[in-house]
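**Student:** predicted structure and sequence below. I'll ask about it afterward.
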Amino acid sequence: MQGETLSLDAAPVRGLLALAAALCAVALAGCGSPAGVRATVEPLSPDTLKLQAPDDTGRFTQALQPWWRVWGDDSLSSLVEQALRDSPSMAVARSRLMRAEAMRLQADSVTQPHLQARGELARQRYTEHGAVPPPLAGSVRENGTLQLEGAWELDLFGRHRAELAAAVGEARAAQAEAHAAQLLLSMQVVRTHVQLARLLSLREVEARTLAQREETLKLIQQRVSAGLDTAVELRQGEASLPAARQQLEALDEQITLTRHALAVLLGQAPDALRGHAPALGRLQLPGDPGVMPVDLLSRRADVMAARWRVESAGQLSRAARASYYPNVDLRLFGGYGAIGLDRLLDPGSLQWGVLPALNLPLFDGGRREASLRGRVADEDQAIARYNQTVLQAVQEVADALGSGRSLQRQRAEQADAQRASEAAYRLARERYQAGLGSYLHVLSAETAVLTQRRLAVDLQARQLDNQAALVRALGGGLSSVPSAATVPPVSPHPTLSNPPTRTATPHPTGVRS
């Protein structure tokens, strides 16, 4: 219903509020209630996963910690910082964050009073058979209006506040995802850098193997000339050289493609890193972290984004529930209006008014219930995704820790095996050179030592790669977390700095190694 122009005292507003309460009770009694529509999915708790919950949840550092610097490679640090500055993927993440912030500002504007100025000028002929009496009837006059108009939806039942809280949650989720994109990009650069170093180290192994085979071929030629070997050994020695050169060529191809991939991660042309040649030996492997702080998983940006999306979905459900209650609008205007422009600014042309309005749909064919059920389904989906994210985070940490310790033991065993293989190869060559052994023994020993050399490079690279995976699994490293997180400049809401406001609250979990 629409009220006519009233005085500025509070009586019409108070009466309208009383009427709103009465209509609300009638509507809920006769047109259904949102009370029976509830989310059914429950968030995982730390007890379910047999993990310890952090004391202070919901915080992660806004600025990405330079975790890659602990590896002691200045060229790697330069590459990561360049990628974070110039990569197109970072521009995409920043644009998503800007859009989420714009949506938050738009939601915030709905909760504020609106004020506008309106001016109208018209030339009009008044009908002789209408409600306007003579002398205006049948005449042509100029009309003018100059006034300020204000409007404010009182939001008594919190629908717009809930929508604003949902937009804040989305903005914070976008911020967390931007942080996650930074971490992912830095990890991709580090892992590609390690992969390039691995390939270059394997090339050194193959080049060393080629040199050894060339020396062995000279020895075979000398023995054939002396009548100590046959053409069979000579052909075997000659065949080993093309195989080694083919391995070198295959590694050169992989090195070129890996450099291309690394350059593209940095936002550069594929050939920009043609001379980039990292070495595995320059990369320092951090020691065993021991006991992990329990808040590490709560610092994972993807876990925080999932939590804030649960919060946002819950607030949208709350807004859908508020649609069952009446909207109360308060409109005011004040200014001048007159028939005849010469009298527009006369004191007698002053006009003002207060127009409170109440709107309550009594029957909508189930539209509000359908909207509420859809929002509750979104809330269930957000909680399920949160649960999946937490489980995946726990698995990634556990996998990285388990692989790291296994690789450490594997490297120790492999070092012993390589020492034995190198010694066996030297003995086989010496025996062959002295005529005490066959060339087949040399080939067998060479195959074993080549396998161990390749395995040493692979295990070292895998250990470095696994360390990068562990850093990502832990949300950006093992450094301490500041006591308070930096958040984007958004309007504070009491529930947004805390875990999602469900009956059972999702808790980011910690893990011990």
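**Tutor:** Yes, it's here. Residues are numbered from 1 along each chain as shown.
**Student:** next secondary structure element downstream of the lowest-mean-pLDDT helix or strand in the chain?
**Tutor:** Least confident helix or strand of the chain, by mean pLDDT, DSSP states H and E, is helix 11-30 with a mean of 55. Sequence-wise, the next helix or strand downstream of helix 11-30 (DSSP states H and E) is helix 74-86.
**Student:** so which elements touch that following helix?
**Tutor:** If contacts are counted by 3 or more Cβ pairs under 8 Å, 6 or more residues apart in numbering; DSSP states H and E, helix 74-86 sits against helix 159-225. Where C-beta positions appear, they are placed from N, C-alpha and C, glycine not excepted.
**Student:** low pLDDT regions in the stretch 401-513 of the chain?
**Tutor:** By pLDDT under 70, the weakly predicted segments of the stretch 401-513 of the chain are 477-513.
**Student:** helices of that one, start to end?
**Tutor:** Here the stretch 401-513 of the chain has its helices, by DSSP state H, counting those that start in this stretch, at 439-473.
**Student:** centroid-nearest residue for this structure?
**Tutor:** residue 177 (2.1 Å; Cα atoms, centre = their mean).
**Student:** that residue contacts residue 95, doesn't it?
**Tutor:** No: in this structure, residue 177 is not within contact of residue 95 by Cβ atoms under 8 Å, at 11.9 Å.
**Student:** pretty sure residue 118 sits in a strand.
**Tutor:** Yes: remark: residue 118 belongs to a strand, assigned using DSSP: H, G, I helix; E, B strand; the rest coil.
**Student:** that one bridge partners, please.
**Tutor:** residue 147 (DSSP bridges).
**Student:** from residue 182, how far out is it?
**Tutor:** 48 Å (Cβ to Cβ, to the nearest Å).
**Student:** again, but for residue 378
**Tutor:** From residue 378 to residue 182 the distance is 28 Å (Cβ to Cβ).
**Student:** more neighbours, the two?
**Tutor:** Of the pair residue 378 and residue 182, residue 182 is the one with more neighbours under other Cβ atoms under 10 Å, namely 21 against 18.
**Student:** give me the neighbour count for the residue lying closest to the more buried one once chain neighbours are set aside.
**Tutor:** Counting by Cβ to Cβ, 6 or more residues apart in numbering, residue 64 is the residue found nearest to residue 182 once chain neighbours are left out, at 4.6 Å. Neighbourhood size, residue 64 [other Cβ under 10 Å]: 20.
**Student:** pretty sure residue 64 contacts residue 185?
**Tutor:** No: at 9.4 Å, residue 64 and residue 185 do not qualify as touching, with contact defined as Cβ under 8 Å.
**Student:** who touches both of those two?
**Tutor:** Common contacts of residue 64 and residue 185 (Cβ atoms under 8 Å, 6 or more residues apart in numbering): residue 84.
**Student:** where does the stretch 101-250 of the chain have low pLDDT?
**Tutor:** Applying pLDDT under 70 to the stretch 101-250 of the chain picks out residues 228-230.
**Student:** tell me how far the helix or strand that contains residue 333 lies from the chain's centre.
**Tutor:** Per DSSP H and E, residue 333 falls inside strand 327-339. Chain-centre distance of strand 327-339: 47 Å, with Cα atoms, centre = their mean, to the nearest Å.
**Student:** quick one: which helix or strand includes the closest residue to residue 274 other than its chain neighbours?
**Tutor:** Of all residues not flanking residue 274 in the chain, residue 259 sits nearest, at 6.6 Å (Cβ to Cβ, 6+ apart). For residue 259, the enclosing helix or strand under DSSP H and E is helix 231-265.
**Student:** now for that helix, which elements pack on it?
**Tutor:** helix 159-225, helix 439-473.
**Student:** in it, what counts as buried?
**Tutor:** Applying a neighbour-count criterion of 16 or more other Cβ atoms under 10 Å, the buried positions in helix 231-265 are 233-234, 236-237, 240, 244, 247, 251, 255, 258-265.
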